[in-house]
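Engineer: Quick one, what's the 3D model for this:
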Amino acid sequence: MKLGKLSRDLHEAYQGTGVKGRVRHFDGWIARSARAARSARSAQEADGTSGYDHSATVKEYYNLCSGFMVWGWNESLHFVPLTPEESLEESIVRHQRLMISKLDLKPDMAVVDVGCGVGGPMRRVVREAGVKVVGINISEVQLEKARKLNAEAGIAHMVDYEACSFMNMGGIEDETFDRGYAIESTCHAPDKVRAFEEIYRVLKPGALFWGQEMCLTDKFDPEDAGHRVIEQELRRGIALNDIATFGEVNRALEAAGFQVIEGMDRDIQEGPSTPWYSTMDSRRGTLGNTLRRLPWGRKAIIAGSKMAEMLRLLPKGSSEVVRLLDRTADAYVSGGKTGIFTPLYCFLARKPL
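Structural biologist: Okay, here's the model as predicted:
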């Protein structure tokens, strides 16, 4: 994406709002959530919300950050297993084709994309499997971008959209879809069991469900202060209500009624591989790694975006969004290097007949 296109996308997304203040407000979401939880406990409220809505935090995260995420990463806003002989873009294609194969997609199947982002995986699924997809997304900014990109790709007639939280897809009838997938979306759920129950509801009996979750690994030690700092930075920067372990994800799936067919950290590969976080840490490891993903490149973009704000090429406050993403990228790398975190816990589950 060129700078001019980025500028147009950001102006459309931000619509003259006070971006700097929005970033500052977003940054304090963990403290607001904790205060709400304390208030709920003191009032003995059964629902435990007390004025804090985590779905609104997730929506704001994507409304603020999607433009820069697409510009700096890819239209497919997710991590993938990397290999030395591939570029990031090639690895994304390979990983999405693995999902297509695991889901055993057939032409004209009805598929739900839970948390569809700007539709990168959706476009590959539609083009290569010939299925019809409904994209679920709470962010109108992302949905509008997905609509435009799908129209440009010539697949608009194969896709419908629901602007809602995947925690409540009330506009969709029971047992609607033959297949479903959720790529780095249900990790945002304030209640993972309820999220999976809602997905279970809209799938037909026998349907397959693929998911990719951000998880803590067995190396995470809650007594280690350094580990806790990394976990906190990851939660704050990515709007994660909590970060589940592999076992917690599986138990939530089973509690919702799914049969777990397989689940594994896809970053652990046979043969030559590159750590999933390498594209944010070093030019080594993947082909053609873009400089703007690397630490010094991100710092240069912060400075450059400040200048672009002065010249009115970018909306005011854009540099604060880049600063947020840069800090989060550092947390990703720290989580990866210590081995306590992976965004590549991938599972395949089935709704029983």
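
Engineer: so where do the strands sit in the chain?
Structural biologist: 110-114, 132-137, 159-163, 177-183, 203-216, 244-245, 259-265, 341-350 (DSSP state E).

Engineer: In JSON lines: these, plus distance to residue 282 and mean neighbour count.
Structural biologist: To be clear about C-beta, it is placed using only N, CA and C from the backbone, and glycine gets the same treatment. As requested, the strands of the chain are arranged in JSON lines below (distance: least, Cβ to Cβ, whole Å; neighbours: other Cβ atoms under 10 Å):
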{"stretch": "strand 110-114", "distance to residue 282": "32", "mean neighbour count": "24"}
{"stretch": "strand 132-137", "distance to residue 282": "33", "mean neighbour count": "24"}
{"stretch": "strand 159-163", "distance to residue 282": "37", "mean neighbour count": "17"}
{"stretch": "strand 177-183", "distance to residue 282": "25", "mean neighbour count": "25"}
{"stretch": "strand 203-216", "distance to residue 282": "21", "mean neighbour count": "21"}
{"stretch": "strand 244-245", "distance to residue 282": "28", "mean neighbour count": "18"}
{"stretch": "strand 259-265", "distance to residue 282": "21", "mean neighbour count": "14"}
{"stretch": "strand 341-350", "distance to residue 282": "18", "mean neighbour count": "22"}
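
Engineer: any idea how far residue 315 is from residue 12?
Structural biologist: Per Cβ to Cβ, to the nearest Å, residue 12 is found 10 Å from residue 315.

Engineer: For these two, indicate the residue with more neighbours.
Structural biologist: residue 315 (23 against 14; other Cβ atoms under 10 Å).

Engineer: What is the burial count for the closest residue in space to the more buried one that isn't next to it in sequence?
Structural biologist: Nearest residue to residue 315, sequence neighbours excluded (Cβ to Cβ, 6 or more residues apart in numbering): residue 14, at 4.7 Å. By other Cβ under 10 Å, 21 other residues sit near residue 14.

Engineer: Distance check, residue 14 against residue 64.
Structural biologist: As judged by Cβ to Cβ, residue 14 and residue 64 stand 8 Å apart.

Engineer: now do residue 18
Structural biologist: 12 Å.

Engineer: Throw the strands of the chain into a markdown table and include distance to residue 222 and mean pLDDT, thanks.
Structural biologist: Below are the strands of the chain laid out as a markdown table (distance: least, Cβ to Cβ, whole Å; pLDDT from 0 to 100):
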| stretch | distance to residue 222 | mean pLDDT |
| --- | --- | --- |
| strand 110-114 | 29 | 98 |
| strand 132-137 | 33 | 98 |
| strand 159-163 | 37 | 97 |
| strand 177-183 | 26 | 98 |
| strand 203-216 | 9 | 98 |
| strand 244-245 | 11 | 98 |
| strand 259-265 | 19 | 97 |
| strand 341-350 | 13 | 98 |
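
Engineer: Residue 164: what's it in contact with?
Structural biologist: 136, 138, 170-171 (Cβ atoms under 8 Å, 6 or more residues apart in numbering).
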